Each structure stands twice: as C-alpha cells, then as structure tokens.
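Engineer: kindly generate the corresponding structure for this input.
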Amino acid sequence: MPSHEPQRQRLRFKGLEHEGYPDGRCRIRVSMEWSETQTFVGEASGTQTIEGWLRTSAQAALRAAEASAEGLTLQLAGIKAVRAFDGWVVIAAVRARSAERSWSLLGAQTSNDDEFKSTAVRSVLDAINRVLELHVGGD
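Structural biologist: Below you'll find the model as predicted:
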C-alpha cells in the first residue's frame with residue numbers, strides 16, 4: 001500500500017574540488033544538489049592545514065546551501081576534528097536564521113585521516129538538513 005506522506009528531501013553532497021597554492025593557501029569548491037537537475041555551488045578560501053581545510057570546506061558547503069534556500073542565512077559557529085577511540089569525529093556548529101526564527105545546530109560525522117575536507121561538508125549537512133528541509137518545503 002503506497003504511503004501518502006510527503007517524501008522527505010535533503011540537500012546532498014555532490015562533489016568537492018580542492019586547489020592548493022604555493023603560499024600555503026587553498027580554495028575549496030563544494031557542489032550540492034536537491035535533485036539531479038538542481039546543483040548549487042559554494043566556494044571559500046583558507047589555509048592548507050587540517051583546521052584550515054575543515055573551516056574552508058564547511059564555509060563552501062554553507063555557501064552552496066544558502067544558494068539553495070533563499071532567505072536562509074547560515075553561519076559557521078565552529079568546526080573541529082576530535083580524536084575518538086580509533087578514529088576521528090568532525091563536529092560542526094552552525095547558526096541558521098530566517099525571517100521567522102533562528103536555530104543553533106550541531107552536526108557530526110566520523111572521518112578517516114585522509115577525508116577531513118569531505119567529512120567537514122557532511123558534518124555541516126548533518127547540522128543543517130532538517131532546517132533546510134523545513135525552510136525549502138515551506139513548513
């Protein structure tokens with residue numbers, strides 16, 4: 001029997017491009033999609049350190065997410081990689097604001113040592129997707 005509940009839709013991580021420069025800076029470009037026909041891109045610049053990659057990836061992800069949701073402002077409050085047991089957890093804190101309300105959001109994702117940039121994007125999505133779904137869905 002088919003369900004009549006509306007299908008939940010989440011912004012999905014499509015891809016990440018990283019450019020490193022000789023002066024120790026980097027540029028990261030993140031692509032996100034609601035569907036295969038709706039792609040949103042965000043870019044940010046930062047430093048080529050683990051902390052820099054985390055922050056720059058998260059900022060690029062937030063810019064792509066803002067492009068997908070008119071009237072919603074997203075601000076990175078902080079992002080950190082924490083060693084837990086035998087691996088890493090990337091935790092993102094985000095502030096979201098619309099004309100009607102504001103939210104303090106938290107997202108987390110596990111990471112391998114070589115995946116910090118993409119894990120930062122996924123932790124941001126973990127933090128913001130429920131609010132994006134409400135905002136874009138109009139509820």
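
Engineer: what comes up buried for the helix or strand of the chain with the lowest mean pLDDT?
Structural biologist: Sorted by mean pLDDT, DSSP states H and E, the helices and strands of the chain end with helix 116-137, the least confident at a mean of 90. Within helix 116-137, the residues scored as buried using 16 or more other Cβ atoms under 10 Å are 116-129, 131-132, 135-136. To be clear about C-beta, it is placed using only N, CA and C from the backbone, and glycine gets the same treatment.

Engineer: which residues of the protein score low on pLDDT?
Structural biologist: Residues of the chain that meet the criterion pLDDT under 70 lie in 1-8, 137-139.

Engineer: tell me what the helix or strand hosting Ala81 is packed against?
Structural biologist: In this structure, Ala81 sits in strand 73-84 according to DSSP states H and E. Using 3 or more Cβ pairs under 8 Å, 6 or more residues apart in numbering; DSSP states H and E, the elements in contact with strand 73-84 are helix 50-68, strand 87-97, helix 116-137.

Engineer: partner strands of the second one and their direction?
Structural biologist: Same thing as strand 87-97. Strand 87-97 has the following sheet partners, assigned by DSSP bridges: strand 73-84 (antiparallel), strand 102-111 (antiparallel).

Engineer: contact partners of it?
Structural biologist: For strand 87-97, contacts defined as Cβ atoms under 8 Å, 6 or more residues apart in numbering pick out 54, 58, 62, 72-82, 102-113, 116, 119-120, 122-124, 126-128, 131.

Engineer: just the buried members of those?
Structural biologist: Listed as buried from these are 54, 58, 62, 72, 74, 76, 79, 81, 103, 105, 107-109, 111, 116, 119-120, 122-124, 126-128, 131; burial here means 16+ other Cβ under 10 Å.
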